[in-house]
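Trainee: could you look at this predicted model? Sequence included:
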Amino acid sequence: MSIWWAEVVAKTLFYTYFIDASVPMNGGAHIKTIVFIGSYKFGTSKEALMSAKEMGYYVVLFTDKTSNLNFLEVDQFVIMEHLLDEQLVMEEITKLKERGKQVCACISFIDPYVSYAAKLSNHLGLSQVSVESLGLMENKIAIREKLENLSITPFFTIFHPNDSPKEFKEKHKFSFPFILKPPISNGSKDVLLVETTEKFVNALKLVQKKHPNSPLLIEEFIQGTQYLVEVLVYKSVIKFVGLVEQEVKYNGRFIVTGYKYPGLVDADEYSRLYACILSIIEQTGLSNGSCHIEMKLAQGHWKLIEINPRMSGGAMNRIIEEGTGINLVKEILKVYLGEEPILIEQRKKHVYARYLTIGSRGKLLRVTGKELALMHDGVKYVHIKPLEGRILTTPYSMGNRYACIIAVSDTAEQAEASAIVAAKEIKFYLEPF
């Protein structure tokens, strides 16, 4: 493996390449390659890199994070400052092809690159992914407006940058509590529950500071049990992959701390949910691609909370694989490769995933208990996210969940009990900061 560096002065960008020296620079055998745009260090996007490697592909990662250079699953890195610069990304992909790489797919599992990677895929003449549908799902206001005619859509309205909070409330006559969120966000960032006029003003200041000149989505707050549905669509055939119940903790923000697979609803509720999912996919026009949809069951009616144009992040792939034997990330890659996904359950297990947060801010000194947690019956997986020296905080987004424990059993009760007991073994030692 050789390393060389190139500085592109004209674009004021800095690229780093790790290139397999055995690959001819010009001509030679074509090496089947998958290009990824962006990745996190943990979760679905990281597992996608691993799956691509296991499938025998040469893995290329375009990233703006130099901290990702220790990914063993990646054969070649392209570091660039602006991943959304389509012209430059296409130039680098052209260079890959000139060096003997046969680009078979271009994909991203993280925001805001999902529809962008799909667009690149289409430009490259690869498997045609539903770019417009994925782009629609990336904008929370646009998707609400698209699905406005469906009964699953809760009441919503738009707060524009120049609107007066007082006049806006009087005009729209909405009642508290309601949800305020920006149109472009992920991981529950800046999603706020507003319960009074005073909190409305404070929430506006907070969100507008981070999203200046952006319209904001105001929507009805729905009480009820929340579920997540993974959906995969291939040639307009909808694959209903899994139903997962979510446990949502509210501390001023909405943080999911528990996942139960499979989510348990009665046959009638499941049938109505399936019909709702079909109507959503039909309205959005998704014919090739994946998404996850969050729904609440409120007083016997399903309501759409959110839809995102990718598989859910975190440990979701591991949860589904432990419960069914299906590696959903791998099957999504197949869709982007133009291949039919195979979603055949190899087992039926109950899975419970417990995420841990902390109650105070501090510098992480050490974490203990991982080995003890793994010794508990049914515990299959324990992940500690932060490294020593990191500043940890109380949760304001899903990114502030610092550990995950997954337990598996023949019953839902035992899986949950095992994960909760194991989670108590994990101790974070912090220096106040």
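Mentor: Arrived safely.

Trainee: now for the residue nearest to His211 when sequence neighbours are not counted: which residues touch it?
Mentor: Spatially, and ignoring its direct neighbours in sequence, His211 is nearest to Pro182 (4.4 Å; CB to CB, 6 or more residues apart in numbering). Backbone N, C-alpha and C define where each C-beta goes, glycine included. Listed by CB atoms under 8 Å, 6 or more residues apart in numbering, the contact set of Pro182 reads Lys140, Asp190, Val207, Lys210, His211, Ser214, Leu216, Leu217.

Trainee: now do the spatially closest residue to the first one that is not a sequence neighbour, the pLDDT please.
Mentor: Which is Lys140. Using CB to CB, 6+ apart and skipping residues adjacent in sequence, the residue nearest Lys140 is Pro183, 4.8 Å away. At Pro183, the model reports a pLDDT of 89.

Trainee: give the residue spans of the stretch 151-300 of the chain that score low on pLDDT.
Mentor: 173, 187 (pLDDT under 70).

Trainee: where along it do the helices fall?
Mentor: Secondary structure of the stretch 151-300 of the chain (DSSP state H, counting those that start in this stretch): helices located at 165-172, 197-210, 267-284.

Trainee: what's the offset of the first one from the middle of its chain?
Mentor: In other words, helix 165-172. Chain-centre distance of helix 165-172: 34 Å, with CA atoms, centre = their mean, to the nearest Å.

Trainee: which other helices and strands does it contact?
Mentor: Packing contacts for helix 165-172, counted by 3 or more CB pairs under 8 Å, 6 or more residues apart in numbering; DSSP states H and E, involve helix 197-210.

Trainee: quickly find the element holding Tyr396.
Mentor: Assigned by DSSP states H and E, Tyr396 belongs to neither a helix nor a strand.

Trainee: count the neighbours of it for me.
Mentor: Neighbourhood size, Tyr396 [other CB atoms under 10 Å]: 16.

Trainee: that one and Lys210 touch, don't they?
Mentor: No - assessed by CB atoms under 8 Å, Tyr396 is found out of contact with Lys210, at 11.2 Å.

Trainee: of the contacts of Pro182, buried ones?
Mentor: Buried by 16 or more other CB atoms under 10 Å: Lys140, Asp190, Val207, His211, Ser214, Leu216, Leu217, out of these.

Trainee: now the second one: phi and psi?
Mentor: Right, the one you point to is Asp190. Reported as degrees, to the nearest 10, the phi and psi values for Asp190 are phi 60, psi 30.

Trainee: any idea how far it is from Lys210?
Mentor: 6 Å (CB to CB, to the nearest Å).

Trainee: distance of the residue nearest the centre of the chain from Glu167?
Mentor: Centrality entry for the chain: nearest residue to the mean C-alpha point is Gly313, 3.6 Å, by CA atoms, centre = their mean. According to CB to CB, Gly313 stands 39 Å off from Glu167.

Trainee: what of Phe156?
Mentor: From Phe156 to Glu167 the distance is 18 Å (CB to CB).

Trainee: who has more neighbours out of those two?
Mentor: Phe156 (17 against 9).

Trainee: what sits against the more buried one?
Mentor: By CB under 8 Å, 6+ apart, Phe156 lies in contact with Arg144, Leu217, Ile218, Glu219, Glu220.

Trainee: of those, grab the buried ones for PyMOL.
Mentor: To isolate the buried members of those in PyMOL, using 16+ other CB under 10 Å:
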select buried, resi 144+217+218+219+220
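
Trainee: picking up where we left off before, how about the buried ones among the contacts of Pro182 in CSV, adding distance to Val265?
Mentor: CSV is the format used below for these (distance: CB to CB, whole Å):
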residue, distance to Val265
Lys140, 25
Asp190, 30
Val207, 33
His211, 35
Ser214, 36
Leu216, 32
Leu217, 27
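
Trainee: next, give me the two most distant ones among the residues you listed.
Mentor: By the measure CB to CB, the buried ones among the contacts of Pro182 have their two most distant members at Lys140 and Val207, which lie 12.4 Å apart.

Trainee: about what we covered before: closest one of the contacts of Pro182 to Thr411?
Mentor: Distance to Thr411, by CB to CB, is smallest for Lys140 among the contacts of Pro182, at 36.9 Å.

Trainee: any idea how far Cys291 is from the closest one?
Mentor: 13 Å.

Trainee: do the same with Leu136
Mentor: Using CB to CB, Leu136 is found at 10 Å from Cys291.

Trainee: quick one: which of those two has more around it?
Mentor: Cys291 (25 against 21).

Trainee: in contact with that one, which residues?
Mentor: Leu134, Met137, Val231, Val233, Ile307, Asn308, Pro309, Arg310.

Trainee: residues near the closest residue to Thr197 other than its chain neighbours, how many?
Mentor: Excluding its sequence neighbours, the residue lying closest to Thr197 (CB to CB, 6+ apart) is Lys169, at 6.8 Å. Using other CB under 10 Å, Lys169 is surrounded by 17 other residues.

Trainee: what helix or strand is Ile320 on?
Mentor: helix 316-324.

Trainee: could I get that helix in PDB with only the CA atoms?
Mentor: Extracted C-alpha coordinates of helix 316-324, given in PDB (Å, rounded to 0.1, in the frame of the first residue of the first chain):
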ATOM      1  CA  MET A 316     -30.400  -0.800  13.700                       C
ATOM      2  CA  ASN A 317     -28.700  -3.200  11.200                       C
ATOM      3  CA  ARG A 318     -27.400  -5.300  14.100                       C
ATOM      4  CA  ILE A 319     -30.800  -5.300  15.800                       C
ATOM      5  CA  ILE A 320     -32.500  -6.600  12.600                       C
ATOM      6  CA  GLU A 321     -29.800  -9.100  11.900                       C
ATOM      7  CA  GLU A 322     -29.900 -10.600  15.400                       C
ATOM      8  CA  GLY A 323     -33.700 -10.900  15.100                       C
ATOM      9  CA  THR A 324     -34.000 -12.300  11.600                       C
END
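
Trainee: who touches that helix?
Mentor: By CB under 8 Å, 6+ apart, helix 316-324 touches 43-44, 47, 228, 230, 241-242, 244, 259, 261-262, 292, 311, 326-329, 345-351, 353, 380-381, 406, 408.
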